[in-house]
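Chemist: A structural model of the following input is requested.
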Amino acid sequence: MLPVCSYVDLGWTLNNGQRGYLRELPDPKSDLTSEQFRTYDTWTQRYERDGINQDKDKLIDEGTNGLDDDGKNGIDDPGESETQPPYNVPLRGIQVIIRAFETGQQQLRQATVSHNFTSE
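Modeler: Residues are numbered from 1 along each chain as shown. Below you'll find the predicted structure:
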């Protein structure tokens, strides 16, 4: 039997106001804290090696510089990273919905493509 998958928009909130997996606000270090701008980023360590000072302190790329800049938890620990992915969880699936409205004929056409990335 195949697992049941459901898809929701990023930032979707339950009727009782609770939030859960991929429903929270993005990580503040991602610099995407607006309620209006939600994105999932597959992420790369390139952000920590780009020569840009994302956290606007005096250090550049301190998450990958080979030093224990904060004096805690060892060299290049996660606390030293300049930025974080908006949602630091693996992507389990994706669904893309494309809708086209033909105004002349008053018709709506829709195509949906879904893919589950988890293996059973």
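Chemist: List the pairing partners of the helix or strand harbouring residue 98 within its sheet, with orientation.
Modeler: Under the criterion of DSSP states H and E, residue 98 resides in strand 93-102. In the sheet, strand 93-102 lines up against strand 107-116 (antiparallel) (DSSP bridges).
Chemist: Just the CA atoms of the partner strand, as CSV, please.
Modeler: The C-alpha trace of strand 107-116 is given here as CSV (Å, rounded to 0.1, in the frame of the first residue of the first chain):
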residue,chain,number,x,y,z
GLN,A,107,-12.6,27.9,-19.3
LEU,A,108,-10.1,27.0,-16.6
ARG,A,109,-7.5,24.3,-17.3
GLN,A,110,-5.3,22.9,-14.7
ALA,A,111,-2.2,20.5,-14.8
THR,A,112,-0.7,19.0,-11.6
VAL,A,113,2.6,17.3,-11.2
SER,A,114,3.6,15.6,-7.9
HIS,A,115,6.7,13.8,-6.9
ASN,A,116,7.5,12.0,-3.6
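Chemist: So which bits of that strand are buried?
Modeler: Buried residues in strand 107-116, defined by neighbour count with 16 or more other CB atoms under 10 Å: none. Every residue, glycine included, has its C-beta placed from N, CA and C.
Chemist: circling back to that earlier point, ok, residues contacting the strand holding residue 98?
Modeler: 5, 7, 107-118 (CB atoms under 8 Å, 6 or more residues apart in numbering).
Chemist: What is the lowest-pLDDT residue among the residues you listed?
Modeler: Within the contacts of strand 93-102, residue 5 has the lowest pLDDT, namely 56.
Chemist: Closest to residue 80 out of the contacts of strand 93-102?
Modeler: residue 117 (29.4 Å; CB to CB).
Chemist: quick revisit: the contacts of strand 93-102 into TSV, with extra columns for distance to residue 55?
Modeler: Shown next, in TSV, are the contacts of strand 93-102 (distance: CB to CB, whole Å):
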residue	distance to residue 55
5	36
7	33
107	50
108	45
109	45
110	42
111	41
112	39
113	37
114	36
115	34
116	35
117	30
118	33
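Chemist: And the furthest pair within those residues?
Modeler: Every pair of the contacts of strand 93-102 checked by CB to CB; the farthest is 107 and 118, at 35.8 Å.
Chemist: Thank you, goodbye.
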